[in-house]
Each structure stands twice: as structure tokens, then as C-alpha cells.
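Trainee: Turn this into a model:
(chains A, B and C)
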Amino acid sequence: MKRRTVFLAALAALLLLAVLPLSAGGGAEKKGAAADKPLTVRIFNRVNVDVNLENNPILAQLEKKTNTKIVYEAPPINNYVEKLQLLMATSDLPDLIYNWGGADFRYEQWVKDGILTGLDGIVTDAAKYPNINKELTAVYWDSVRSVTSGKIQIIPRPNPSVSIWGYIVNQQWLDKLGLKKPETKEQLVEVMKAFTTRDPDGNGKADTYGVSLAGREDLWNEIWLEAAFSLSKPPAPDVDGTYRIFEKKQNYLPYLRFLREIYTAGLVDPESFQNKGYDCWTKREQNRVGITYGGLINVVNAVNQRGVKDSAERFSFAPVLANAKGEHSYDIGPSIWGGWMIPESSKPRLAGILKFLDYGYSPEGVMLLMSGMEGTDYTSYDAAKKLIVRTADQLKTYKMHTSTYMTLGFTIGGYSPIIEGADTPELFAKFAADQAYCIGLKAAYREVPTLKATKLVNFPTQSPDVYKKLRQTEIEFVAGKVGEDVLVKYLNEVYFPAVKDAEDEYLKIYQK
Amino acid sequence: MQSLPRTVKSHRPGSLRGRPSSSAPWQARLRHDAASAVAYAHKKRFLYLMLVPAVAYFVVFHYIPIYGVIIAFKDFNFSKGIVGSPWIGMENFRYMFGLGDFWEVFVNSLSISLLRLAIGFPFPILFALLLNEMRGRTYQKITQTIIYFPYFISWVVIGGILVMFLSPSWGVFNDFIKSLGGKPVFFLAERKYFKPIVVLSDIWKNAGWGSIIYIAAIAGINPELYDAATIDGARRMQMIRFITLPSIASVIVIMLILRIGQIMNNGFEQIFILQNASNLSYSEVFETYTYRIGLVGGRFSFGTTVGLFTSSIGFLLLLAANRAAAAMGQESIW
Amino acid sequence: MKKPMKKLDDLAVSGISYLVMTLFAVICLFPFLYVISYSVMPYEDYLKNPMSLIPMRVTLDAYSRILAFPMVWSGYRMTAFVTVIGTTLNVFLLLLTAYPLSKKDLKGRNFVLLMIAFTMFFNGGLIPNYYLIRSLRMQDTPWALIFPGAVSAFNLILMKNFVAAIPKDIEESASIDGAHEFTILARIIAPLSLPAIATFTLFHAVGHWNSYFNAIVYISRRSLWPLMLVLRELVVEEGIGAVFNTSTQYMQDTMATPFNLKMAMIVVSILPILAVYPLVQKYFMKGLLVGSVKA
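Mentor: Next comes the predicted model:
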């Protein structure tokens, strides 16, 4: 007994010595701010685990270029939102705080409680902050204007418009069955029938389906299908020019009926509603379903990001299905990937912080954080072709130094400087081919400012049970568990009365 | 060195020798009680000393922060903090009870948990008893270690395996059913299968690890009892009934009481993995409900409100169970 | 004198126990074999056949990727430190506190137990705890992972039970001999509670090994992340951690971890426990009380 105690004590002492340097007090910050001394900028961001934030050469370069001292905190990605909420509830906030949801309901609550600083007229000053204002146009600013305060209190990180939404299909299956990428919903049904009945993976079992829906407890993730019915989430007039709330649009019920038809006909993966996260994509990659939603970059992107080495050989991208007018188009709010908030407590240093952020939105800053430094993280970059070339070793170093998650701004001239994932000429060629196909179909999208009717925006927060129940009933209807009468009854008796107030305000704003 | 026998302590005339009668003034009685309390504490000083670290721990790390529960009674304001936020009394609770599906969630939580208790609770005990009856030492050790494995594999994986197995399109169970000529069953979307799946998978994952406490309890039984019984010609079943079980009865009762206190809790991960949008009406429990409301919007203090509600019920049940156990002559918590 | 009936009966009990436990062990072995099998399978093979148990090709690629990741090693160090120090503190406090609480006649004992049980149900939540750790200057240090949770109310109640089960006569004979409580605790109670001590050592050690939540709340520096947190991040569990209010926005966030990497991660986190467990197992064997009453 005694020897064991001694042994354990020695082991503990050894470990203590090993970790002592680490445990000596938590992150001593040097709050320096003499006139010519570098400005300390504290960042709170959502960064993947591969990036090594200590002694990071990219951050060092960033500090040099902006004359700042960066204190970087990046909590675990899986729990980012919880940590963020905890952070916002305590005092001593960092200077630049990344909100993953952009101008979402959490942002609105923080605005309401007055902890974020207002940026109107300040950040929009193109003379002082040219890069930010070059990348963020009026449409972006309008989208993030708070419905509570009417002010801009978050700086969005624009999502590049090189990519568009559509669907991803198993090209090998199409080729094997002699089919073409469907362009209308009727053609889609034919292709789905073929996928489901003609055993495209050749294993002799009837275990393949046409489509797997994204699931995630909400039907409205299939832009490529919804576009065929001219249903879009951002506020836009209905097909006949009138403004209506989403659930009252003319094609709302027809769309749900269509989904129900294909689901009950067995063309859709019956476990779609079990899907969480990107399970639907995994099923496509496992050759269980032929089609899922996706973006133009997601075919080549999957090689590195998802580890699917033959993604470019197996899959193809196609734009949204044609609507009644034969157009392959959809409406979407300006794409942003989160945004940067600056707390009221950092207001005295606002000018310096924005200047720092502005560098992050400049072409140089964007490239630095997105791709790393030439020589160590990549071999060459062709801006015209958006082609970046890396060796395998450089890929390893790059992953440790930075990633797209580290970027402050994301676009140069409104577009992404690289095609993410297209690291090799072959992948690049695949991307170009898919893109050409889209251009051939005149696929397009319209950037529409997102909803600014306060009550309608806040409706899910105010009445989460009604909102959730509606989404659930829609799913049960599509899955064939309840009849249309149940859905309509719920809409008429519960949902529409509950949303009436918000609806009136919405119509007042948009029907001017 | 031998000290004086401990029964003879500080002598203060008139203090320990009998309490003043009730006709005496209350100051005298108070002084007497205080004196005997101090004397008692001094006598048991080492025992109280031993309690100091743990009590200090609970005070610092549990009771000092406990003011946070008042968030449930406040309209939380991020800039004013917990203390400064406006008080709204029971408003959060009224809101919670008024939510359309709240009672459905309540019933689901309770029924799933009760089922898990009723069916799942005995299994670790059973396994401990059976392991104890295995004579081959090495085989017993190996089996014992193997049954712990699922505990270490997260629900995401075990649930993922289950979802795959039960899949109507790709799962082995349905392949088997199909080969017998039947139609595939979408197990996770059927009300009658969901709860059994939850209970059985819970046993699969946790019963092995849960048997450790009972194995330890059995290990503490004096082997002479078994020897004596063998000499008397007792059979194994009798030994289990009359020696093993009674000896670990106190552990079983305590575990049961503690478990009853947890009746409003179901693990988040297990239920979440097995849920899908079409079975929510019978699969939604408090943990997943708070999560979903939090995703869509909802109040910041919603989670705390729900937690306070379920905890209060759990605590009351624990008190009741403890009282019942004591009344039945069993070992209880206090 | 063994009657033939008894032999049959005993055989039945033996037989049933072997049968049932073997069956259950097989069921429990399956997910483990599944995990190991897929951890050495190349991802493409998994995609082609997610249900087969036997890998066609074997590759240690997933393991080399995990172990080559520098944060895994800092995670191991941190977790080892917290587990050793933390478990020692846990078990020490358990034994120290369970002894006085096991004495039914100790005045105030019931109040203390009530106060402890109360904390199992009610706690202040993240914000006050965060403030507390910050004012104790434990934030961003390993101590924030050791002190909160130093005493588990649940385990304490169980431990008190185990200690109370020790026959009183041993204690009484010692105290008559003039030993005071600390001596009794160290020389008599502790050795007789070895199964309980072993059990709770195991529980707490495994608990520390698998824990990550406190690190999320109290630790900022990545170099101090415990192993489990690092591994969880490596295998981005996007299903639960994701925020999908307008899921179509997040074209960038499609990072997914190949399935075989997730499996390798599980193996990497279980192995040390499996290595240590056999050392503890012998304390669960019977016969420890032999001779102690007489001594």
C-alpha cells in the first residue's frame, strides 16, 4: 500500500512539473495602448481545430501589417454557440466577436440589451474603410440592419457568389442508365424512378433511392426543388405580383403535395427525416441515393473537406430546376457567413479595430487569411483563373496555419478569390465544366434583401411551439402520416391567427 | 500513550449533570444546551474536522453560485446580468406551461424514464449476480471487461449503428424480415417500437458498467457466510436469496432512491440520435425540447426554467422515496 | 453430503449464468469490433459498404493522422494530469467524508446529507460558475477541471453506505484501545473499503478521462484542451453542434470527418482505460474481508 502511494505521488509530481508552465495563471493580457504602440485586438472566432493558434506565422504577419497585437480565442466548433452566449452574458468582452448566425435572433437580443455598438455612418464611411465598403454593398448592410434598433450592429462576412445552389447528382448512375441531368420537375420524377427501380449501383438489390432530403427537422432546405415552384424564403412578390407571407403563397400547398407524392411513391429515401447535419450527403456518397441538394463548389470541395477522393469523378452539379416560366433561378438573401460584432465596451478603440478589420477585407488580407503565404502554404496563385496550386506538404502546413474559418473578409471584388477545394488542375477543370453547364442553362439568382418585418422575424422566438408544430405537421403530411385536412386545419385554426399581427406588419412594409 | 478514558471530559459543575428543569429561566436552559453542544462538538471534533473539506467544497462550488437559479424568475438582460435583470416572477413558468406541446413532452419524458427504470434498473443487479456465479475466474474476468465496452462508445456511434440496423431500406433486421417474405418495418417511426428501442439500447450501453457498483458490493460480503452455508448443505439459489441479495440490499435501495430522484431526466444524446421529425410527438423529452426551442428562438432563461421545474419534482420524489425506504426499515440516505 | 438434486440445481445456476453473460458479452463485443474494424478501413471502402464488418483492405492511415496531430499529445498530457490529480483528490475526499457521515448518531449528519443531496438537483448554471472560477483565478488552468466536481454527491452517498456496512465491532474494539478517528479511518476503514475505493477510483478516473464540458466553459487556450475535447473537435459532430436556422446559408461549413477517423478516435480514447483497468479489477474480487475481523 505504501509503495503504491509513493509511486502515485511521484507520478503526480512528475506530471505536475510537466504541466506547471501551462498552469501558471490564465492568459495574461497586456492591455497596451500607448499612442504608437500596437493596438491590442481581441478576437473571438469560430475556427476549426486543425489550425494552430500559438506562434502562428499568419497571425504574426497580420500583426505586422496592421500594427496590432492579436489575442485570439477560438472555442470548440461543436459548442461555439453555447460558449458565445456565455461570453456575451459576462463582462469583459473581446473586440471582434464572430456570430455564426449573422443577424439572427441572438444578434437581435444583444442589440436589444444594448451590448453591441452601433456602426451606422462609421463603418459605412468608404473613405476611412475602403475595403469593407467595396465588398459590402447596400444590400448587405440592409440585410444586417437590426429590426430592433434600426441600426447596423454587425459587419457581415460575405459568402462568395462564385457558387450557386442547385443539386448534386451521381453522374455515373446517369451515364449507366443513359439519362441526362433533369431540368424540370417532370424530368426529375423520371430520373428518380430510374434510380429507384433500375438498380443503378448494380448490386442486385432494390436499395437505392432517387433523392434524400436534407431533413434537419425542416422541409425548407431544398432550394433546387422549391425554385421550380417559385417558392423562396426572402420576401419577394408571389407569382402573381402580390405580396404574401410564405405559407399563403400560391404554390405552398402544391409544393408540399408534390413532395408527398414522390415520398409516398417510394422515390424518396424514407429515412430522410432521420437525417441530421449532412447525413443526406453521406448517403449520396455511399451510393444509396442519387440526388441531394448542394452548391456548385461542393462537388470538388468534397475531396478535401469530406474525404471523398473520387467525388469529382462520380458526381456532377446542376442548377435549380426550371420554374413555370422555364427559368432556372431563385431568390436568396445576400449570402453571408456570419458576421463581426463589436461590443459597446470596445467603442473607445473603434477606429483602430475597424482599421484592422478593413485590412482583413482587403485583397491582400483576404488572401493571407484564406490561403496563407506564398512559398510556405502554396506554390502559386493565378488570380484570373482563380487557381491555386499546392503540393501535398504545403497542404499540411497550410492546414496548420490557417483556413477559411480564419478569414475576416471573404471576397475580393464581390467574388471569392479561389475556388475552394479546387487544388489541382483536374478538379479545377471539373468545376469549370459544371459551371459552364449552369451558364448554358442561364442559371441565375437574385439577391434580395432579407426580411425586415420585425414581428415576422421574431415570430419563431415569440411562439416557438406554434412555429415548430407547423414545420412538424408539414413533415408529417409529406411523409403521409397525416392528411392534407390536418395540415390545412392547423394552418387555419392555429398558425394564421397566431401570425396575423406579424402578417399585417409585413404587408404594410412590403406592399408600399 | 494512553490518554484518559474519553467519557470523562471537561468538568463544569452543573453543566453535564442533568438539564435544568423547565421551570428554570430560558437563559439557563439555553446556556446549558449551548454548553453541551460545545462539549459534544469537542468530543467528536475529529469527525467534524473530517467533514470540513467536503462542506467547504459544497459551499464554495455549489452554494455560492446557486443564485443563478433566479434566472428562471427574470427576464434576462445581457447587459444587466443575472442580478440586475428585471424580475418577472412566475411569468417564465406560465409561458412554459402555456407552450402547446409542453404536456406532451412531460408525458413522454416521464413515461420513457419510468420504463427505463422499471426494466433497466434490475439488469445491472442481475448481471452482477450472474457474474458472481461464474466459476471460471479468467472467463469471468474477460466477460466482465467486455460488457463494459459499450459504455465507452458514445451514443452518436451506438445510435448510429442502431439506426443503420433498423433502417427499413438498408438494415439487417429488415433484410431478415424481407427474406422471410415480410414487409420492411420502419421501426423508429412507429410509436409502439420506439420506447422499447430506447429501453433496450439503454441496457445494451449502460447495464454492463452499471453492474460494477453491485459487483463491488458483493465483493465485500464475508466469504465465511458462504462457507457456513455450504456446510449446512445450502444450494446456490438459496445462497443468492439468503446471503447475496440481503447483503447488497442496502446498495440496491440507495441506488433505487437516487434513481427515482432522476426520474425526470433522460439523456439528451440517446434520444436525439433516435429521433426523427416524424416521431417527435412521442419521442420529444425535456432535454431535446429545450434544445429545439433554443435553435428556433425562445427565451434565454428557458432552459433554466425547465430545469428548475424538473429538478424540483425530482428532489421531492427523492425525499418521498427516502422517507418510504426508511419507513420500510431499509437503509436510506438519511 | 451432496444430494443429486442439489448438483442439478447448481449446474442450472452455473449454466444460466454462463449462457446469459456470454450472450450479453457477445452483444457488447459487437459495437467494439465494429469500431475497430472501421478504424482500419479506408474511407472509400466504408462508403462502398457501410455494413460489412470485415475490412477488405487495412490501413493505419486514420491512426497516423490522429496521432500526428500535435494537439492530441497536449491533450493526453492535460488529461493525464487532471485524471491523476483529480481522481486522487476525489477518492481522498470521498473516504474522508463518508466516514463521519456513516455514523447515524452524529449530530448534524442528516442536515449535511440533505444539503449535499440538494446540490444534485439545483445548481446556478453556467454564468455564476464561470464568475466563480474567474474570481478564484482558476480560469484557463487545469485546476478549473479538478476542483469543480471534486466531491460527487451521488458517489458520496453510495460510499457512506459502503462504510456503514463495515461491522461495528472492529471499530469499537479499536476505539476502546484508545485509537482516535483518524487512525481508525486510515488503519481500519480504508483497508476494509477497498472494493468501494477501487470502484470510485475507477468511476472518477473514467469520468475525468472522458470529460470535456468543463474545459469548454473554463479553458480558453487550445494548448490546455483535454484529450476528449480535442478528439471531439477532430471528428466534428456536425449533427448536434450545428445551428441550422437558415441552413442554406452555410455552403462553407461542409467539413465532415471520414467515418474511419471517427472510429479511430474512439479506439484512441478507450485504449488507455483498457490498459489500466485490469490493474483495478482484482480489487473487485471477493475475499478481502477474510481475516480482518479476527485481527
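Trainee: Up against chain A, what does the stretch 51-200 of chain C have?
Mentor: C:69-71, C:77-78, C:80-81, C:84-85, C:88, C:126-127, C:130-131, C:134, C:137-143, C:191 (CB under 8 Å from any CB of the partner chain). No exception for glycine: its C-beta is placed from N, CA and C like everyone else's.
Trainee: Mark which of these are buried, thanks.
Mentor: For those, a burial check counting by 16 or more other CB atoms under 10 Å in any protein chain shown picks out C:69, C:71, C:77-78, C:80-81, C:84-85, C:88, C:126-127, C:130-131, C:134, C:138-143.
Trainee: count of neighbours near whichever residue of the stretch 1-150 of chain A sits closest to chain B?
Mentor: Going by CB to the nearest CB, chain B is nearest to residue A:113 of the stretch 1-150 of chain A, at 4.1 Å. Residue A:113: 18 surrounding residues under other CB atoms under 10 Å in any protein chain shown.
Trainee: The closest residue in space to residue C:32 that isn't next to it in sequence: neighbouring residues, count only.
Mentor: Leaving out its chain neighbours, the residue that sits closest to residue C:32 by CB to CB, 6 or more residues apart in numbering or on different chains is residue B:149, at 4.4 Å. Counted with other CB under 10 Å, the neighbours of residue B:149 add up to 21.
Trainee: Contact partners for residue B:149?
Mentor: Counting by CB atoms under 8 Å, 6 or more residues apart in numbering or on different chains, residue B:149 touches B:208, C:28-29, C:31-32, C:270.
Trainee: would TSV of the residues you listed with secondary structure and pLDDT be doable?
Mentor: Shown next, in TSV, are the contacts of residue B:149 (DSSP: H, G, I helix; E, B strand; the rest coil; pLDDT from 0 to 100):
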residue	secondary structure	pLDDT
B:208	helix	92
C:28	helix	92
C:29	helix	90
C:31	helix	86
C:32	helix	86
C:270	helix	84
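Trainee: with those residues in mind, which one is nearest to residue A:333?
Mentor: residue C:31 (43.3 Å; CB to CB).
Trainee: Spell out the secondary structure type for residue B:298.
Mentor: coil (DSSP: H, G, I helix; E, B strand; the rest coil).
Trainee: For it, give me its contacts.
Mentor: A:461, A:464.
Trainee: how about it, phi and psi?
Mentor: Note on residue B:298: its backbone torsions stand at phi 70, psi 170 [degrees, to the nearest 10].
Trainee: Any figure for the gap between the residue positioned nearest the centre of chain B and residue B:118?
Mentor: With distances taken as CA atoms, centre = their mean, the residue of chain B nearest its centroid is residue B:259 (3.7 Å). Residue B:259 sits 11 Å away from residue B:118, going by CB to CB, to the nearest Å.
Trainee: Pick out the residue of the stretch 401-512 of chain A closest to chain C.
Mentor: In the stretch 401-512 of chain A, the residue that lies nearest chain C is residue A:404 (6.0 Å; CB to the nearest CB).
Trainee: Now for residue A:195, how many residues are close by?
Mentor: 25.
Trainee: secondary structure element for it?
Mentor: Using DSSP states H and E, the element containing residue A:195 is helix A:185-197.
Trainee: Run through the neighbouring helices and strands of that helix.
Mentor: For helix A:185-197, the contact count by 3 or more CB pairs under 8 Å, 6 or more residues apart in numbering or on different chains; DSSP states H and E identifies helix A:171-177, strand A:209-211, helix A:252-264, strand A:289-295 as packing neighbours.
Trainee: Highest mean neighbour count across the ones you listed, which stretch is it?
Mentor: strand A:289-295 (a mean of 27; mean count of other CB atoms under 10 Å in any protein chain shown).
Trainee: on that earlier part again, can you tell me which of the residues of the stretch 51-200 of chain C next to chain A are up against chain B?
Mentor: Answer for those near chain B (CB under 8 Å from any CB): C:126-127, C:131.
Trainee: Among those residues, which one sits closest to chain B?
Mentor: residue C:127 (5.9 Å).
Trainee: Please name the residues that touch that closest one.
Mentor: Applying CB under 8 Å, 6+ apart, the residues contacting residue C:127 are A:86, A:89-90, B:68, B:71, B:81-82.
Trainee: Show the buried residues in those.
Mentor: A:86, A:89, B:68, B:71, B:81-82.
Trainee: buried ones in stretch A:337-345?
Mentor: In stretch A:337-345, counting by 16+ other CB under 10 Å, buried: A:337-343.
Trainee: repeat for stretch B:170-184
Mentor: Result for stretch B:170-184 [16+ other CB under 10 Å]: buried residues B:170-171, B:174-175, B:184.
Trainee: next one: stretch B:187-194
Mentor: B:187-189, B:194.
Trainee: Export those to JSON lines and append columns for distance to chain C and pLDDT.
Mentor: Formatted as JSON lines, the buried residues of stretch B:187-194 follow (distance: CB to the nearest CB, whole Å; pLDDT from 0 to 100):
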{"residue": "B:187", "distance to chain C": "16", "pLDDT": "85"}
{"residue": "B:188", "distance to chain C": "15", "pLDDT": "83"}
{"residue": "B:189", "distance to chain C": "18", "pLDDT": "82"}
{"residue": "B:194", "distance to chain C": "19", "pLDDT": "91"}
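Trainee: Restricted to helices, list those.
Mentor: residue B:194 (DSSP state H).
Trainee: Narrow the buried residues of stretch B:187-194 to those in strands?
Mentor: For these, not one is inside strands, with DSSP state E as the criterion.
Trainee: Let me see the contact set for the closest residue to residue A:147 other than its chain neighbours.
Mentor: If the residues on either side of it in the chain are set aside, residue A:147 comes closest to residue A:454, at 4.1 Å by CB to CB, 6+ apart. Residue A:454 is in contact with A:147-148, A:505, counting by CB under 8 Å, 6+ apart.
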